[in-house]
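J.: From the sequence below, what's the structure:
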Amino acid sequence: MLKKRLLLVFSSLALLTACGGFEGEWEATKKDESGCADGFIFSGDNTVTVQGGSEAFGSVAQWKDIGDDKYRLDFGFAYQVLNIERDKNRLKVQAVGESKVCTYKKAD
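T.: Numbers count the residues shown, from 1 in each chain. Okay, here's the model as predicted:
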């Protein structure tokens, strides 16, 4: 259970950072949603920091676009592949092989 929650958090992060132009803060559209991080901070150097949501708080990862709307998030000790769908100012993030979808919007 914890592993799946961490994977969803990492998945969300990877998807958000993998898309160009997403530098800055992103926040969950539904607060306290099980399996989703509260938000992310994306830096210009392809890194992302997880904000709350689980034990992954404060985790930093490197992301890489691997094609076909898939992104790899590398935490050094593990990695996760994610699908990302952009709908205007929102991001839908889903770990490959998982049914859970987390939605984020740009922080004000």
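
J.: Just the element for the spatially closest residue to residue 66 that is not a sequence neighbour, please.
T.: Sequence neighbours aside, residue 72 is the residue nearest to residue 66 in space, at 5.2 Å (criterion: CB to CB, 6 or more residues apart in numbering). Placement of C-beta: from N, CA and C, glycine included. Secondary-structure element containing residue 72, defined by DSSP states H and E: strand 70-74.

J.: Remind me what that strand packs against, helices and strands.
T.: For strand 70-74, the packing partners by 3 or more CB pairs under 8 Å, 6 or more residues apart in numbering; DSSP states H and E come out as helix 2-18, strand 60-67, strand 79-87.

J.: ok, of those, where does mean pLDDT dip lowest?
T.: Comparing mean pLDDT across the helices and strands packed on strand 70-74, the weakest is helix 2-18, with a mean of 50.

J.: Would you tell me what the next helix or strand after that one is?
T.: Heading C-terminal from helix 2-18 (DSSP H and E), you reach strand 24-28.

J.: coming back round to it: and the pLDDT for the residue nearest to residue 66?
T.: pLDDT, read off for residue 72, is 84.
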